[in-house]
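Student: build me a structure from this.
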Amino acid sequence: MKLFYSDASPYARCVRVIIRYFEISTISEVQINPLENSEQLLNANPLAKIPCLQLSDGSSLFDSEVILRFLDHEFGDDYFFGKRETNWSSETQFSLIKGMLDSAVALRQEQMREEEGNRSPFWCARLEQAIYRGLSAIEHSGITTESYLTIHQIMLACLLEYLDFRHEDMEWRKLAPATSIWLDSFENLQVFKSTRPI
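Tutor: As a prediction, this is how the structure comes out:
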């Protein structure tokens with residue numbers, strides 16, 4: 001199997017953390033720039049988005065959540081997501097963190113448009129506020145207090161480090177000090193150190 005990824009993508013990083021956590025040795029990681037529309041990526045994912053997991057039979061899985069659920073089912077005995085239970089609160093927390101990741105990446109894309117003179121102050125502010133509101137909810141959610149590693153924690157750590165990587169001016173740690181302390185103790189896990197963007 002092949003994972004197409006970008007070092008800077010927080011979505012791909014979540015997948016790479018899971019690969020290391022489950023010690024999956026049958027997936028080779030191929031670093032790729034999705035904006036270059038390489039034939040290899042386009043053949044695997046017509047949307048030219050990463051992460052994309054190309055399976056041994058040549059078919060592909062894309063969208064990080066689909067890949068995460070696949071790896072958890074195939075290699076983790078449904079450790080993170082469970083047997084499709086109806087824990088709607090847990091599902092909603094997952095969607096909150098994924099939505100915050102979406103907002104952080106969209107904000108970065110909006111900031112990159114400044115060079116073209118097309119940056120929208122309205123959308124930048126809207127995306128920032130969505131992240132801030134989400135952080136406030138996370139601070140009181142209990143996600144960081146679980147004594148075992150959860151998929152929520154993996155997604156959250158990747159989000160927070162992406163904010164540090166691409167949006168250091170947001171100063172999210174002032175808004176969520178308990179979450180900041182949690183990340184400081186959590187980020188030294190080897191699965192995070194080995195996938196951190198350079």
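Student: drop to CA atoms for contacts and neighbour counts, all remaining ones
Tutor: Will do.
Student: show me where this protein has strands.
Tutor: 2-5, 28-31, 52-54, 60-62 (DSSP state E).
Student: what's the most buried one of those strands?
Tutor: strand 52-54 (a mean of 25; mean count of other CA atoms under 10 Å).
Student: can you give the strand pairings for that one, parallel or anti for each?
Tutor: Strand 52-54 sits in its sheet next to strand 2-5 (antiparallel), strand 60-62 (antiparallel), going by DSSP bridges.
Student: the shortest one - what's its average pLDDT?
Tutor: Model confidence over strand 60-62 averages 92 on the pLDDT scale.
Student: so what touches it?
Tutor: 44, 45, 49, 50, 51, 52, 53, 54, 55, 67 (CA atoms under 8 Å, 6 or more residues apart in numbering).
Student: picking that back up, got the strands of the chain as JSON lines, with distance to residue 110 columns?
Tutor: JSON lines is the format used below for the strands of the chain (distance: least, CA to CA, whole Å):
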{"stretch": "strand 2-5", "distance to residue 110": "21"}
{"stretch": "strand 28-31", "distance to residue 110": "23"}
{"stretch": "strand 52-54", "distance to residue 110": "23"}
{"stretch": "strand 60-62", "distance to residue 110": "23"}
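Student: just give me the lowest mean pLDDT stretch among those strands.
Tutor: strand 60-62 (a mean of 92).
Student: buried stuff in stretch 62-80?
Tutor: 62, 64, 65, 67, 68, 69, 70, 71, 72, 73, 76, 80 (16 or more other CA atoms under 10 Å).
Student: and if you look at stretch 32-46?
Tutor: Buried residues in stretch 32-46 (16+ other CA under 10 Å): 32, 33, 34, 41, 44, 45.
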